[in-house]
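Chemist: Attaching a predicted model along with its sequence, questions to come.
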Amino acid sequence: MTTENAQSSPIVVHRATLSYLWAEVLPGFLEQHIPSQSPLEFLTRSFRFPQIFEQARDHIATEPRFEVPWRYKRRQHFWERYLVQATLGFVPGTQAWNSLIPLRVDPGIRIEADWFAGSSFIDAFYYPFGTAVAITFRWEPKLPLEELLPKAYDFTKHGKFSLAGDPSTTMTLDDVADRVLTSLRKNALGDQPQASLRTQQPMSLVTVIEADGVDPDADIRKNAVILHALEVLANWPAAPDHITLPDPSKVCLPIKQSAPAGSALYAQERGRAVWHPALFRPADNATPTAVADQIRRSSALSCYHRNLLFGSLQAESLSLLISYTARLFDNGTRKIDLTYHHRNVAANAAICLRKLYIGGKGDTWRSASVPRQITQSCYNDLGKILSQFSLPGLT
């Protein structure tokens, strides 16, 4: 295969979105140890969760304040297709319970960094079996691709963040995630240390939103420069200048057949990188119409990132629950030994993950990314749980 090791013009990335995901399974939730006087007790009660969910859906004040994971009055393709529900404003609470829809809360934590140009936000979630956090950066590097790559490591490896209003406190991104997850746990279960199963390495998602110097129709599988960048952004190797590129057919996941040859959804075990140059910015001398059209295309890439974020978040959280439950079975626990609540959420998680893995048309959200994530995180465990609950298998 011919490779193109040089570009006729430098690739400059103007905007990108980066997200990092962590999840935590809390046995205290599965064993229903949330104190009865706690406002979070409803999370583990199937007869109470639907009411609180519907209040959040309808923007009725609760204490603490809960929100549904999608944005009010805006289309959210992931949730619409995951729930097979075109109108999210009418999702019933019982469906949300069975589909393990998380509720969003404000973690009360904001971060900033003087080396970062852009904005950031933290999404924190409660599930009936645990918690999750997604930290997202809207980055405006305006850098050539080769200069961007080492700077990207600042988000997870080298850079330090401070809490908004407290510049004296410095934290790594993992520290920030730990603070959020620990706060969520303590709010529900109290200050006593609790056993848990937590994401060890965050799942990362990187989507280039605007760039120039790229031919959308040039086959990306023949461009070693771009493949190298995507490998770095999806795999975060310790020595990014000295790596062997994998076979593109193994890491470039299937996308729409109509997508130009220059497009890729690049997948490594704990990362995804999205590269769709046909949706990048127009030339500098673009007409006002072209600029307006670019805003629409950039919005499409931002929506794509958000859909991939929630697909990855559901896969991460539900897979962790499946793996936790499978380990209990491996250690001699029987299904009858689990609480009714644990059996209920484990079965629902297995059903939802099976749908995502198979990706039946009209049955759930479809993307090659999530089946790959399930394969790499919990495929064998999922098979065990489906068998234990006498549910259809994966084949």
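Modeler: Noted; the coordinates are in hand.
Chemist: For K160, which non-adjacent residue is closest in space?
Modeler: T170 (4.3 Å; C-beta to C-beta, 6 or more residues apart in numbering). C-betas here are computed from N, CA, C, even on glycine.
Chemist: Secondary structure class of the one you found, three-state.
Modeler: Secondary structure, DSSP: H, G, I helix; E, B strand; the rest coil: T170 is strand.
Chemist: got it, and F78?
Modeler: Secondary structure, three-state DSSP: F78 is helix.
Chemist: ditto for Q95
Modeler: Q95 falls in the helix class when you classify it by three-state DSSP.
Chemist: in the stretch 1-150 of the chain, which spans are strands?
Modeler: Ranges of strands in the stretch 1-150 of the chain, per DSSP state E, counting those that start in this stretch, are 12-25, 103-105, 111-112, 118-127, 130-139, 143-144.
Chemist: and A56, which of the ones you listed is closest to it?
Modeler: Distance to A56, taken as C-beta to C-beta, is lowest for strand 103-105 among these, at 5.9 Å.
Chemist: List the contacts of that closest one.
Modeler: Contact partners of strand 103-105, identified using C-beta atoms under 8 Å, 6 or more residues apart in numbering, comprise 43, 52-53, 56, 64-69, 123-126, 184.
Chemist: for that strand, which positions count as buried?
Modeler: 103-105 (16 or more other C-beta atoms under 10 Å).
Chemist: Could you point out which of those is nearest to L21?
Modeler: Using C-beta to C-beta, R104 comes nearest to L21 of the buried residues of strand 103-105, at 13.9 Å.
Chemist: How many residues are close by the residue nearest to A117 when sequence neighbours are not counted?
Modeler: Leaving aside its chain neighbours, A117 sits nearest to E140 (5.0 Å; criterion: C-beta to C-beta, 6+ apart). By the measure other C-beta atoms under 10 Å, the count of residues near E140 is 16.
Chemist: Hmm, R15 and E140 touching each other?
Modeler: Yes. Using C-beta atoms under 8 Å, E140 makes contact with R15 at a distance of 5.4 Å.
Chemist: Check the contact lists of those two and give me the overlap.
Modeler: Shared contacts of E140 and R15, defined by C-beta under 8 Å, 6+ apart, are absent.
Chemist: on that earlier part again, nearest to Q95 among the buried residues of strand 103-105?
Modeler: Of the buried residues of strand 103-105, the one sitting nearest to Q95 (C-beta to C-beta) turns out to be L103, at 14.1 Å.
Chemist: Let's see the pLDDT reported for that closest one.
Modeler: We have a pLDDT of 98 for L103.
Chemist: what does M1 give?
Modeler: The model's pLDDT for M1 equals 37.
Chemist: so the longest helix that the chain contains versus strand 118-127, what angle?
Modeler: In the chain, taking DSSP state H as the definition, the longest helix is helix 288-330. Relative orientation of helix 288-330 versus strand 118-127 (axes from the mean of the first three to the mean of the last three C-alpha atoms, to 10 degrees): 40 degrees.
Chemist: avg pLDDT for helix 288-330?
Modeler: According to the model, helix 288-330 has a mean pLDDT of 87.
Chemist: C-terminal to that helix, what's the next element?
Modeler: helix 340-358 (DSSP states H and E).
Chemist: What are the buried residues along the next helix or strand after that following helix?
Modeler: Downstream of helix 340-358, the first helix or strand assigned by DSSP H and E is helix 369-388. The neighbour-count check on helix 369-388 (16+ other C-beta under 10 Å) flags 369-374, 377-379, 381-386, 388 as buried.
Chemist: tell me which strands and helices helix 369-388 is in contact with?
Modeler: Applying 3 or more C-beta pairs under 8 Å, 6 or more residues apart in numbering; DSSP states H and E, one finds that helix 369-388 makes contact with strand 264-268, helix 288-330, helix 340-358.
Chemist: what angle sits between that helix and strand 264-268?
Modeler: Relative orientation of helix 369-388 and strand 264-268, computed by the same axes, to 10 degrees: 50 degrees.
Chemist: On the pLDDT front, check the closest residue to L245 other than its chain neighbours for me.
Modeler: Distance criterion C-beta to C-beta, 6+ apart; nearest residue to L245, sequence neighbours excluded, is L227 at 5.4 Å. Predicted confidence (pLDDT) for L227: 97.
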